[in-house]
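A.B. asks: When you get a sec, could you give me coordinates for this:
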Amino acid sequence: MNLQQLKYALEVASKGSMNEAAKSLFISQPSLSNAIKELEKEIKITLFIRTNRGVTITNEGAEFLGYARQVLQQFNMLEEKYISEKTAKQHFCISTQHYTFAANAFVELVKEFGESEYEFTLRETKTYEIIEDVKNLRSELGIIYLSNYNESVLLKLLRERNITFSQLFTARPHVFIRKKHPLADNEAINLNELDDYPCLSFEQGEYNSFYFSEEILSTRSVKKSIKVSDRAAIVNFMIGLNGYTISSGVFPKYLHGDEIIAVPLNVDEVIRVGTIKHSDVTLTRLGEIYLDALKRFAQEL
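C.D. replies: Have a look, this model is predicted:
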């Protein structure tokens, strides 16, 4: 196994096609295919399933490629520091539930990094995918929450994947509603007062177990439910439909001005928001910068 084979495998994964990867690497398709087969034979796992429409990464392959990505990033950093006169493009990815403070910390990372070339990714996605991204080293860090309901299940899942959880902050549950909502003047809201309004939540796709929900009290039966995939839709439905969502009380004014307010919810529950990281991985400099930014935002919440 050598660096070139790792580069080849990552390019195939990126393009989803042997032919497209071969064009990108300026080698013939048979040469690339043979290199991948030799690598698979040496490591004794199948990285890709070949189909007429391209390639699909196997579960074992996803984990291997995560390690390969880390190795190449470290190699590029060594080359940049000791050999190359040109600064290599830096890559960095995190996966998170839909938290504005995570995006704000990302902005701080980009400002502090300050290099002319980089390729950074912020994935606001489903809970299960966040865990898989960290397990497969696609993302250096993930951000999720734990509650009394999901904690034992998610911590077991994390342990099985060699992932650790580190708490950033705790919060009491709040109901997010528009400023002119009929319940807006309440000092606190009881669950039964929400019965007549649409409950807004983030959809979790194939892995839609209650344990993966981004909202606490996910097992509660509601008459009106709308699932969405992005934060903007949540805001639109709060304003346009008198909808509500239950979360940590952390919400950005720049998305909605003063239109959305957070009212405490009368339930005995605590939300623990934190980062997850693969136990085998030491944070890169970018990871450390991002984590420091997260901690600064967490202190201000």
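A.B. asks: Okay, and residue 21 sits in which element?
C.D. replies: helix 18-25 (DSSP states H and E).
A.B. asks: would you put the C-alpha positions of that helix in PDB?
C.D. replies: Extracted in PDB, the C-alpha atoms of helix 18-25 (Å, rounded to 0.1, in the frame of the first residue of the first chain):
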ATOM      1  CA  MET A  18     -13.500   4.500 -12.500                       C
ATOM      2  CA  ASN A  19     -13.600   6.200 -15.900                       C
ATOM      3  CA  GLU A  20     -14.100   9.700 -14.500                       C
ATOM      4  CA  ALA A  21     -11.400   9.200 -11.900                       C
ATOM      5  CA  ALA A  22      -9.000   7.900 -14.600                       C
ATOM      6  CA  LYS A  23      -9.600  11.000 -16.700                       C
ATOM      7  CA  SER A  24      -9.000  13.200 -13.600                       C
ATOM      8  CA  LEU A  25      -5.800  11.400 -12.700                       C
END
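A.B. asks: what inclination does the helix or strand following it have with respect to helix 18-25?
C.D. replies: Per DSSP H and E, helix 18-25 leads on to helix 29-43 as the next helix or strand towards the C-terminus. Using axes from the mean of the first three to the mean of the last three Cα atoms, to 10 degrees, the direction of helix 29-43 lies 100 degrees away from that of helix 18-25.
A.B. asks: What ranges does this protein have for its helices?
C.D. replies: 3-15, 18-25, 29-43, 59-82, 100-113, 127-135, 151-160, 231-241, 253-256, 285-300 (DSSP state H).
A.B. asks: could these go into a markdown table alongside mean neighbour count, distance to residue 217 and mean pLDDT?
C.D. replies: Using the backbone N, CA and C atoms, a C-beta is placed for each residue, glycine as well. Compiled in a markdown table, the helices of the chain are given as follows (neighbours: other Cβ atoms under 10 Å; distance: least, Cβ to Cβ, whole Å; pLDDT from 0 to 100):
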| stretch | mean neighbour count | distance to residue 217 | mean pLDDT |
| --- | --- | --- | --- |
| helix 3-15 | 18 | 39 | 89 |
| helix 18-25 | 18 | 46 | 88 |
| helix 29-43 | 15 | 45 | 91 |
| helix 59-82 | 16 | 32 | 82 |
| helix 100-113 | 17 | 21 | 89 |
| helix 127-135 | 23 | 15 | 92 |
| helix 151-160 | 14 | 14 | 93 |
| helix 231-241 | 17 | 16 | 87 |
| helix 253-256 | 12 | 23 | 51 |
| helix 285-300 | 17 | 23 | 90 |
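A.B. asks: May I see those helices arranged in a markdown table, with distance to residue 52 as well?
C.D. replies: Shown next, in a markdown table, are the helices of the chain (distance: least, Cβ to Cβ, whole Å):
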| stretch | distance to residue 52 |
| --- | --- |
| helix 3-15 | 16 |
| helix 18-25 | 12 |
| helix 29-43 | 14 |
| helix 59-82 | 19 |
| helix 100-113 | 39 |
| helix 127-135 | 26 |
| helix 151-160 | 35 |
| helix 231-241 | 36 |
| helix 253-256 | 44 |
| helix 285-300 | 39 |
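A.B. asks: Tell me which of those lies nearest to residue 271.
C.D. replies: Between residue 271 and the helices of the chain, the tightest spacing by Cβ to Cβ is seen for helix 151-160, at 10.6 Å.
A.B. asks: Next up, the contacts around residue 187.
C.D. replies: When contacts are counted by Cβ atoms under 8 Å, 6 or more residues apart in numbering, residue 187 touches 263-264.
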